[in-house]
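>>> Sequence and predicted structure below; questions after.
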Amino acid sequence: MRKRTSRVALMWLVVALLAAAAQAAEPLSWEGTFTLSITAPGRQPTTVGTEHQRYFATEYSGQPAQGFETTSVIVLNALGVETTVRQHTTAYLSLSHEPLRMETEMGSEEKPQKVVATFFPDRVEYEREAAGDLQKGSVPIPNGVSLRDPDVMWDPAAGTVGDEVIGWGFEPMTLQLEKVKLVLAGREPVTIDGQEVQAWRLELDTEMSGPQTRWVDDRGIYLRHEYRLGDVLFVLERTDTPPELPQPGDQGPQVPDIIGGTAVDAGRAIPKPRECRMMRVRVGGLDRRSLFISDQRQRYGDLRELEGGSLEAELTVKTEPVPERGLRVGAPVPQELVRFIEPTATIQSDDAEIVATAREIVGEEEDTLAAARKIAEWVADRMSPDMSEPLLRSAKEVLAEPKGACRSYATLYCALARAVGIPCRLAVGAVYAGDAGLARLERRFAFHAWDEVWVGAWIAVDTALPSSDGFIPIDATHIKFSSGDVASFAPVGRVVRDLKLEVIETDTTGVRQEALGGLRGEPRRELLQCALEW
């Protein structure tokens with residue numbers, strides 16, 4: 001039913017299913033074209049994508065059904081690397097708005113993915129295919145949860161202004177259910193393709209993407225959709241004249257940089273961030289208490305609710321002490337940690353090749369801490385940075401083609417650690433990026449992913465961006481907002497949208513910032529820049 005962004009590339013992936021349009025029991029027939037534009041600070045709106053939508057009458061399993069089809073092309077720029085991302089979705093709904101089947105193909109031409117979801121009253125069964133690997137699974141639908149689209153999406157005029165309804169949808173990127181809150185905000189004029197029309201304004205809020213605004217016509221078909229990530233505004237708007245898109249590589253990047261546009265200004269530079277062992281920072285702008293995580297390496301003070309509902313607290317991050325030894329490799333783990341050694345559709349720790357690779361890396365090592373370090377060194381040596389990666393990839397995909405952004409480093413590491421029985425989870429947050437050598441990242445934190453392994457205690461590991469001490473422990477400029485499996489990427493859009501940071505103090509304050517140089521004297525600029533993309 002809708003999209004994330006968690007990734008910007010998928011912003012309009014399945015969101016259109018929430019805007020499906022039909023009246024009573026009659027399927028709708030309609031098609032139209034939309035443009036996607038990005039507005040970055042100090043720049044005029046730039047057209048970066050197009051989307052074509054089609055609603056049609058069809059049958060599913062011999063019964064009349066509403067069909068929906070959308071095809072989009074989006075050009076993304078991540079620190080100067082432009083990538084064209086394509087998406088095609090075909091969905092079938094009953095005439096009472098119940099989802100029946102959804103087929104989604106997404107990604108770049110070089111790295112496509114396909115997800116097919118079939119809906120049942122108590123579960124969603126899915127197949128995910130990428131790089132020749134087919135994964136099957138199911139997601140239970142909890143009691144009391146319905147994936148039926150709210151009626152207001154089909155007939156907004158029948159609703160009452162101010163009404164709040166809850167809908168649920170299946171997210172094909174994270175392979176999980178996502179709750180969508182919707183408020184019918186009223187009827188108002190809006191300019192569409194240069195003309196003013198009357199439209200219904202809907203305010204949506206999802207755990208993954210955060211608040212969004214949509215304007216729809218009387219049939220529920222949307223006219224305009226706005227979504228903000230940091231300082232970057234995305235607008236999808238209906239048009240009668242499809243635009244020409246910028247071509248990657250033509251006279252340098254033409255599309256606004258997503259990484260630079262979503263990085264957070266912390267108010268001051270942090271000298272020698274990879275050597276930082278203590279940081280105090282004020283964290284604000286977020287509206288979910290669950291994002292303020294206190295654990296063994298980061299601890300929040302009093303959490304305050306500000307006017308408008310946002311939360312603020314002072315955070316102290318310290319590099320956690322690392323024990324001399326871990327536990328025995330292969331030893332039973334506590335019951336509450338069993339889920340962190342189990343395979344998933346994207347962390348395939350039971351795959352024969354991943355298991356064989358992990359065992360070869362670890363060898364005869366019996367200590368989990370030493371084994372965790374061996375796996376980190378192997379991943380860092382084998383992987384290479386690639387900012388053209390548009391989507392989350394599975395561990396099997398990354399092992400077959402060992403390059404990507406930070407999330408691919410973290411996903412591969414997680415699968416290898418689990419394959420030898422070491423509990424491991426993904427961590428998602430922000431890291432100081434002011435030493436990347438880029439003006440647009442000066443004094444800024446960028447969004448990042450790394451790992452945490454259990455060796456008797458949770459220890460953070462960063463194979464994409466090592467500290468001056470190595471991969472374990474990580475430096476104190478890492479701030480975690482979520483952890484777990486791939487679903488931990490779910491709140492990315494919400495965090496990116498509104499996060500505010502103000503550095504108060506670090507233990508490196510006053511230390512002279514030397515020329516950019518990496519671990520063991522190796523250049524790290526390319527690695528750091530790559531590490532900044534989800």
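Sure, I can see it.

>>> For the host helix or strand of residue 212, the averaged confidence score.
Per DSSP states H and E: residue 212 is located in strand 210-216. Across strand 210-216, the average pLDDT comes to 92.

>>> helices and strands around it, which ones?
Where contact means 3 or more Cβ pairs under 8 Å, 6 or more residues apart in numbering; DSSP states H and E, strand 210-216 is packed against strand 176-192, strand 195-206, strand 222-229, helix 492-498. In this view, the C-beta of every residue, glycine as well, is placed from N, C-alpha and C.

>>> Turn those into TSV, columns for distance to residue 54 and mean pLDDT.
Shown next, in TSV, are these (distance: least, Cβ to Cβ, whole Å; pLDDT from 0 to 100):
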stretch	distance to residue 54	mean pLDDT
strand 176-192	19	92
strand 195-206	21	93
strand 222-229	14	91
helix 492-498	27	81
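
>>> all helices in the chain, in order from the N-terminus.
151-154, 258-262, 352-362, 368-382, 395-400, 406-419, 492-498, 525-531 (DSSP state H).

>>> Averaged over its residues, which helix or strand of the chain has the lowest pLDDT?
Using mean pLDDT, DSSP states H and E, the weakest-scoring helix or strand in the chain turns out to be helix 525-531, at a mean of 50.

>>> hang on, the earlier thing: of all the helices of the chain, which one comes closest to residue 186?
Closest to residue 186 of these is helix 151-154 (Cβ to Cβ; 12.4 Å).

>>> Out of the helices of the chain, flag the one nearest residue 435.
Across the helices of the chain, residue 435 has its closest neighbour in helix 525-531 (6.9 Å, Cβ to Cβ).

>>> ok so, going back, save the helices of the chain as TSV, and put in distance to residue 64 and mean neighbour count too.
Output for these, formatted as TSV (distance: least, Cβ to Cβ, whole Å; neighbours: other Cβ atoms under 10 Å):
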stretch	distance to residue 64	mean neighbour count
helix 151-154	16	21
helix 258-262	42	25
helix 352-362	45	16
helix 368-382	51	21
helix 395-400	39	23
helix 406-419	42	29
helix 492-498	36	24
helix 525-531	50	21
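
>>> can you redo those as TSV with distance to residue 294?
As requested, the helices of the chain are arranged in TSV below (distance: least, Cβ to Cβ, whole Å):
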stretch	distance to residue 294
helix 151-154	38
helix 258-262	25
helix 352-362	31
helix 368-382	23
helix 395-400	29
helix 406-419	22
helix 492-498	16
helix 525-531	25
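
>>> For residue 82, which of these is the nearest?
helix 258-262 (10.5 Å).

>>> tell me what that closest one is packed against?
Right, helix 258-262 is packed against strand 63-78, strand 222-229, strand 232-239, strand 444-454 by 3+ Cβ pairs under 8 Å, 6+ apart.

>>> about what we covered before: would you mark the buried spots in the strand holding residue 212?
210, 211, 212, 214, 215, 216 (16 or more other Cβ atoms under 10 Å).

>>> Only alpha carbons, please: show it as CSV.
Output of strand 210-216 as CSV, limited to C-alpha atoms (Å, rounded to 0.1, in the frame of the first residue of the first chain):
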residue,chain,number,x,y,z
GLY,A,210,6.8,10.6,9.1
PRO,A,211,4.2,13.4,8.2
GLN,A,212,3.1,13.9,4.6
THR,A,213,0.5,16.0,2.9
ARG,A,214,-1.7,14.9,0.0
TRP,A,215,-4.4,16.7,-2.0
VAL,A,216,-7.0,14.5,-3.8
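
>>> Could you tell me the least trusted of the helices of the chain?
helix 525-531 (a mean of 50).

>>> Would you state the strands of the stretch 201-350 of the chain in chain order?
For the stretch 201-350 of the chain, the strands defined by DSSP state E, counting those that start in this stretch cover 210-216, 222-229, 232-239, 264-265, 278-286, 298-300, 304-305, 311-318.

>>> any chance of those strands in a markdown table, plus distance to residue 77?
Below are the strands of the stretch 201-350 of the chain laid out as a markdown table (distance: least, Cβ to Cβ, whole Å):
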| stretch | distance to residue 77 |
| --- | --- |
| strand 210-216 | 22 |
| strand 222-229 | 13 |
| strand 232-239 | 11 |
| strand 264-265 | 19 |
| strand 278-286 | 25 |
| strand 298-300 | 31 |
| strand 304-305 | 36 |
| strand 311-318 | 30 |
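
>>> For residue 51, which of those strands is the nearest?
Short answer: strand 232-239, nearest of the strands of the stretch 201-350 of the chain by Cβ to Cβ, at 6.6 Å.

>>> OK, contacts around residue 349?
Residue 349 makes contact with 341, 342, 343, 355, 395, 414, 415, 416, 417, 418, 419 under the criterion Cβ atoms under 8 Å, 6 or more residues apart in numbering.

>>> any idea how far residue 402 is from it?
17 Å (Cβ to Cβ, to the nearest Å).

>>> Could you do residue 493 as well?
Counting by Cβ to Cβ - residue 493 and residue 402 are separated by 28 Å.

>>> What confidence value was assigned to residue 21?
37.

>>> And for the one 5 residues further on?
At residue 26, the predicted lDDT confidence score is 80.

>>> pLDDT weak spots in the stretch 1-150 of the chain?
1-25, 150 (pLDDT under 70).

>>> Which parts of it are strands?
30-39, 46-60, 63-78, 81-93, 99-107, 112-120, 123-130, 133-140.

>>> okay if I get the ones you listed as a markdown table plus mean neighbour count and distance to residue 220?
Below are those laid out as a markdown table (neighbours: other Cβ atoms under 10 Å; distance: least, Cβ to Cβ, whole Å):
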| stretch | mean neighbour count | distance to residue 220 |
| --- | --- | --- |
| strand 30-39 | 18 | 11 |
| strand 46-60 | 18 | 10 |
| strand 63-78 | 21 | 12 |
| strand 81-93 | 21 | 12 |
| strand 99-107 | 20 | 16 |
| strand 112-120 | 18 | 20 |
| strand 123-130 | 18 | 23 |
| strand 133-140 | 13 | 26 |
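
>>> Fine by me, we can end here.
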